[in-house]
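>>> One predicted model, sequence on top.
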Amino acid sequence: MFSLGQVVATPGALTALEASNQAPDTFLRLHAQGDWGDVCEEDKRLNDQALIDGTRLLSSYMTANKVKIWIITEADRSSTCILLPSEY
């Protein structure tokens, strides 16, 4: 649905994904397809609008070990970051 740009991840997110034996690609694919994960209705609405007006996109997912990760694509679509909420 949109370009992810350069994909980066924080050390905490990489550790959480490794601990759950999950690849970042699984979550990136959901994010890029417009499956925003576990965000509230307001954030879903903002993401849907961002597809039209080109603002930032935020998705939230839980790893198999119940660790929350966020995926944020910048407004200019130049980069996407996988991170823990505490690393924001």
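Cool, the structure landed.
>>> buried stuff in stretch 22-29?
Residues 22, 24, 27-28 are the ones in stretch 22-29 that count as buried (16 or more other CB atoms under 10 Å). The C-beta positions use only the backbone N, C-alpha and C, and glycine is treated the same way.
>>> got the contact list for that stretch?
Contact with stretch 22-29 is made by 4, 7, 9, 13-14, 17, 37, 59, 61, 63-64, 69, 71, 80, 82, as judged by CB atoms under 8 Å, 6 or more residues apart in numbering.
>>> What is the most widely separated pair among those residues?
Greatest spatial distance among those (CB to CB): 4 and 64, at 22.5 Å.
>>> which one of the two has more residues nearby?
The neighbour count for residue 4 versus residue 64, taken as other CB atoms under 10 Å, is higher for residue 4 (18 against 11).
>>> So that one sits against residue 32, correct?
Yes - counting by CB atoms under 8 Å, residue 4 touches residue 32, with 5.9 Å between them.
>>> Closest to the centroid, which residue in the chain?
Centroid-nearest residue in the chain, with CA atoms, centre = their mean: residue 71, separated by 1.7 Å.
>>> Going by distance to residue 43, which of the buried residues of stretch 22-29 wins?
Nearest member of the buried residues of stretch 22-29 to residue 43, counting by CB to CB, is residue 27, at 16.0 Å.
>>> From residue 52, how far off is the closest residue to residue 21 other than its chain neighbours?
Sequence neighbours aside, residue 64 is the residue nearest to residue 21 in space, at 7.1 Å (criterion: CB to CB, 6 or more residues apart in numbering). Computed as CB to CB, to the nearest Å, the residue 64 to residue 52 distance reads 33 Å.
>>> Kindly report the same for residue 30.
Counting by CB to CB, the gap from residue 30 to residue 52 is 20 Å.
>>> Give me the more crowded residue out of the two.
Neighbours per residue (other CB under 10 Å) separate residue 30 from residue 52, with residue 30 holding more: 15 against 7.
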